[in-house]
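[1] build the 3D model from these lines:
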Amino acid sequence: MSNPMDTAELTDLGQQLRVGSVRAAAAAKSGHPTSSMSAADLMAVLLAHHLRYDFDRPAHPGNDRFVLSKGHASPLLYSAYKAAGVVDDDELLTFRELGSRLEGHPTPRRLPWVETATGSLGQGLPVGVGIALAVKRLDRSEARVWVLCGDSEMAEGSVWEAAEHAGHEHLDNLVVIVDVNRLGQRGPTRHGHNLDAYARRFQAFGWHTVEVDGHDVDAVDRAYGEARSTKGQPTAILARTLKGKGVEAVQDREGLHGKPLPDADEAIEELGGIRDLRVHVQPPPDARLLHAVADGHLDLPRWEKGDPEKGVATRDAYGQALAALGTAREDVVALDGEVSDSTRAEFFAKEHPERFFECYIAEQQLVAAAVGLAARGRVPYASTFAAFLSRAYDFVRMAAVSGAGINLVGSHAGVAIGQDGPSQMGLEDLAMFRAVHGSTVLYPCDANQTARLVAAMAQLDGVRYLRTSRGASPVIYGPDEEFPVGGSKVLRSSERDRLTVVAAGVTLHEALKAADALAGEGVDVRVVDLYSVKPVDRETLRRAAEETGCLLTVEDHHEEGGIGDAVAEAFADGRPVPRLVRLGVRTMPGSASPDEQLHAAGIDAESIAASARLLVETAIVP
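    All right, here's what the predicted structure looks like:
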């Protein structure tokens, strides 16, 4: 270490970070300065003595990674950036202004040194685990991952999913610093200043723990050094601190969370005034740059139309396509929630075990690890039952805030799974993922379509969701068919069509059966395969509405937010809205066979045909 700061200089730097936090919040007339002030000494020692980072090259593979899990303490982070020389004083005072890079909670969309969006508490450590996995198992780097948490978020279950996972994986490159300042938003935290209560919990998950006075810079320095020398275990540094440290009017006092200090000028004077110390952050060691994008030609699995006779489950096609994609691209990784024999992610695991991550029944950690791996340049595919992804929805939402590129795959969707009953049925997933900002939602109906869409997902931005099915489906497309995202396929069409049936996945095959039955009765029906639920193929839907006058949507999903709503929104720009009827799952299913389930829900071929006949009979003929 060159020119380390002495005790007085570290203490002074901590005061500077407090002053910066007070000034930023005062300029914004909002923010969380007291939460920043408690962790200022922890940040000062980390920045000056232990973080190895090249701010000019944030993508440098040797850089340590820092995650501010207590994202509301962003004034502290931005003050640290000022001390490192990458944010100037004028910009610091634009905190929370329209157009400023210094948002109320930090995001990588605005700042290249931010690893992941935080602010929804309990997410920094789980994402940090994903980053640490990438650094240790894939980058094989000596870089360290530092995560600064607040004590309030220690009540979140996601924190303990992450703690157990990190202990199980022996992530000795991961350090969590818990700012135990005793006070939450509305009063004291559950354990107050009882550091041992937190230590026992981390130790139970296999962590090395260090308890320290978070305002004794020399003790903090030693604790960080101990963490760096610990092998085989992640380290939790539990720091006793005081909220609002250094300003008598707010120090360790309730009722001041999320508020600027009452008298900022007086507080700054009490803290010793404005300083302009600069920290020369240690550069990272030389490290190998990774350019793992493609190794070779992508050879997707292929199926011929109608073969095999019993069809292929789209979940099987997903697993085989993902394994093939993993052969072609070294940056593709797979994660699963202890159901890989059902999701078929096991195919990838068998061929590429070094890039497969078992997350067990911990869906929040599953998605968080995917976000962390994406932050390290990987293309993650994370899979579990569609229904269980709802447990991790906040992580999905925050992934969109981060701009993270992750692929999520939900199997066992809809009533078509059969006897397992409603607890296992994904019936809300399309609505859930359609609501995510910038998301892509895909729902294939056969094996070749699935394989093509799995490959296409790797090239997309943002959150991508693929819905797969449990049972076998006929192969209706050839292996060379193209399926552009945002497109659809018209599978039955004539100039005599009386209405259009729009379906995807399981119900697409039911729609085709219904169309064939109706054709035998002299009723021509157009059938559209809406495999891209978001973005939706507006032009094809509008043309169908103009030419047939009526749209009938059918989906193995609740009526709210799924295919029916996606179709309706294609006409939300002022265009004439066609006659639109929706079939979906309207009741709470029980246990029954797949065919019985589809019929009971009114979404099988017989029900589609019956609805079509009624619509044709009641159509207004000009």
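[2] hey, let's count contacts and neighbours off CA atoms from now on
    Noted.
[3] so how many other residues sit close to V454?
    V454 has 27 neighbouring residues, counting by other C-alpha atoms under 10 Å.
[4] give the full set of residues in contact with it.
    Y318, A321, L322, L466 (C-alpha atoms under 8 Å, 6 or more residues apart in numbering).
[5] shaky segments in this structure?
    Scanning the chain for pLDDT under 70 picks out the ranges 1-2, 288-295, 619-622.
[6] for it, longest strand please?
    strand 550-558 (DSSP state E).
[7] from the chain's centroid, how far away is it?
    28 Å (C-alpha atoms, centre = their mean, to the nearest Å).
[8] mind jotting down where the strands sit in the stretch 251-400 of the chain?
    312-313, 332-336, 356-358, 379-385 (DSSP state E, counting those that start in this stretch).
[9] now do the shortest one: everything it contacts.
    What that stands for is strand 312-313. With contacts defined as C-alpha under 8 Å, 6+ apart, strand 312-313 is touched by D446, A447, S469, R470, G471, A472, S473, P474, V475.
[10] now neighbour count and secondary structure too, for those residues, in a markdown table please.
    Shown next, in a markdown table, are the contacts of strand 312-313 (neighbours: other C-alpha atoms under 10 Å; DSSP: H, G, I helix; E, B strand; the rest coil):
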| residue | neighbour count | secondary structure |
| --- | --- | --- |
| D446 | 30 | coil |
| A447 | 32 | helix |
| S469 | 28 | coil |
| R470 | 22 | coil |
| G471 | 18 | coil |
| A472 | 19 | strand |
| S473 | 22 | strand |
| P474 | 20 | coil |
| V475 | 24 | coil |
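[11] closest to D263 out of the residues you listed?
    S469 (60.5 Å; C-alpha to C-alpha).
[12] contacts only, for the closest one.
    A313, T314, R315, S411, H412, A413, G414, A416, I417, G505, V506.
[13] for the closest residue to the third one other than its chain neighbours, grab the count of nearby residues.
    Across the structure, with C-alpha to C-alpha, 6 or more residues apart in numbering as the measure, the residue nearest R315 apart from its sequence neighbours is T468 (5.2 Å). Taking other C-alpha under 10 Å as the criterion, the count of residues near T468 is 29.
[14] list the contacts for T468?
    T314, R315, Y318, V409, G410, S411, H412, A413, Y443, P444, G505.
[15] now do A374
    So A374 contacts P380, A404, G405, I406 (C-alpha under 8 Å, 6+ apart).
[16] for K350, same thing?
    K350 neighbours (C-alpha under 8 Å, 6+ apart): none.
[17] can you tell me how far it is from G487?
    33 Å (C-alpha to C-alpha, to the nearest Å).
[18] hmm, back to that, so which of the contacts of A374 wins on neighbours?
    Result: I406 is most packed of the contacts of A374 (other C-alpha under 10 Å), 30 neighbours.
[19] please name the bridge partners of that one.
    Counting by DSSP bridges, I406 forms beta bridges with V463.
[20] do C149 as well
    V178.
[21] hang on, it packs against I177?
    Yes: counting by C-alpha atoms under 8 Å, C149 does reach I177; the two are 6.0 Å apart.
[22] which one of the contacts of S469 is nearest A117?
    Using C-alpha to C-alpha, these come closest to A117 at S411, 27.6 Å.
[23] tell me where the stretch 351-500 of the chain has helices.
    Ranges of helices in the stretch 351-500 of the chain, per DSSP state H, counting those that start in this stretch, are 363-375, 393-402, 429-434, 447-457.
[24] make CSV out of the ones you listed and add distance to D524.
    Below are the helices of the stretch 351-500 of the chain laid out as CSV (distance: least, C-alpha to C-alpha, whole Å):
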stretch, distance to D524
helix 363-375, 45
helix 393-402, 42
helix 429-434, 29
helix 447-457, 26
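[25] tell me which of these is the most buried.
    Greatest average neighbour count among the helices of the stretch 351-500 of the chain goes to helix 363-375 (a mean of 30), per mean count of other C-alpha atoms under 10 Å.
[26] tell me what angle it forms with strand 379-385.
    Here the directions of helix 363-375 and strand 379-385 differ by 170 degrees (axes from the mean of the first three to the mean of the last three C-alpha atoms, to 10 degrees).
[27] all numbers from here: first residue = 5
    In the new count, where the first residue is 5, that last one comes out as helix 367-379.
[28] just the C-alphas of helix 367-379, formatted as CSV.
    Output in CSV follows, covering the C-alpha atoms of helix 367-379 (Å, rounded to 0.1, in the frame of the first residue of the first chain):
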residue,chain,number,x,y,z
GLU,A,367,-36.0,-17.8,-5.8
GLN,A,368,-34.9,-14.4,-4.5
GLN,A,369,-31.3,-15.5,-4.5
LEU,A,370,-31.8,-17.2,-7.9
VAL,A,371,-32.8,-13.9,-9.6
ALA,A,372,-30.3,-11.8,-7.6
ALA,A,373,-27.5,-14.1,-8.6
ALA,A,374,-28.5,-13.8,-12.2
VAL,A,375,-28.4,-10.0,-11.8
GLY,A,376,-24.9,-10.2,-10.3
LEU,A,377,-23.6,-12.5,-13.0
ALA,A,378,-25.0,-10.2,-15.6
ALA,A,379,-23.2,-7.3,-13.9
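[29] buried residues, the biggest helix by length in the chain. List them.
    In the chain, taking DSSP state H as the definition, the longest helix is helix 11-32. The neighbour-count check on helix 11-32 (16 or more other C-alpha atoms under 10 Å) flags 13-31 as buried.
[30] out of the helices of the stretch 355-504 of the chain, which is closest to Y228?
    helix 367-379 (22.6 Å).
[31] how far off centre is that closest one?
    Between the centre of helix 367-379 and the centre of its chain there are 6 Å (C-alpha atoms, centre = their mean).
[32] follow-up on the earlier one: now distance to I272 and neighbour count too, for the contacts of T472, in TSV please.
    Converted to TSV, these look like this (distance: C-alpha to C-alpha, whole Å; neighbours: other C-alpha atoms under 10 Å):
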residue	distance to I272	neighbour count
T318	62	32
R319	60	29
Y322	59	33
V413	51	25
G414	53	23
S415	56	27
H416	58	25
A417	58	25
Y447	57	26
P448	60	29
G509	62	25
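[33] got the phi/psi numbers for D533?
    phi -90, psi 110 (degrees, to the nearest 10).
[34] show me where the stretch 205-354 of the chain has helices.
    221-233, 268-274, 318-332, 344-347, 350-355.
[35] and the stretch 55-204 of the chain, by the same measure?
    78-88, 93-96, 128-137, 161-172, 199-208.
[36] ok, which of those helices comes nearest A574?
    helix 128-137 (35.8 Å).
[37] quick one: strands adjacent to the longest strand of the chain?
    Per DSSP bridges, strand 554-562 is paired in its sheet with strand 503-507 (parallel), strand 583-589 (parallel).
[38] got the contact list for that strand?
    Residues contacting strand 554-562 (C-alpha under 8 Å, 6+ apart): 417-420, 430-432, 434, 502-508, 510-511, 515, 548-549, 566-568, 571, 582-590, 602, 607, 612, 616.
[39] from the residues you listed, which would you call buried?
    Applying 16+ other C-alpha under 10 Å to the contacts of strand 554-562 flags 417-420, 430-432, 434, 502-508, 510-511, 515, 548-549, 566-568, 571, 582, 584-589, 602, 607, 612, 616 as buried.
[40] tell me which of the strands paired with strand 554-562 lies nearest to G188.
    strand 583-589 (42.9 Å).
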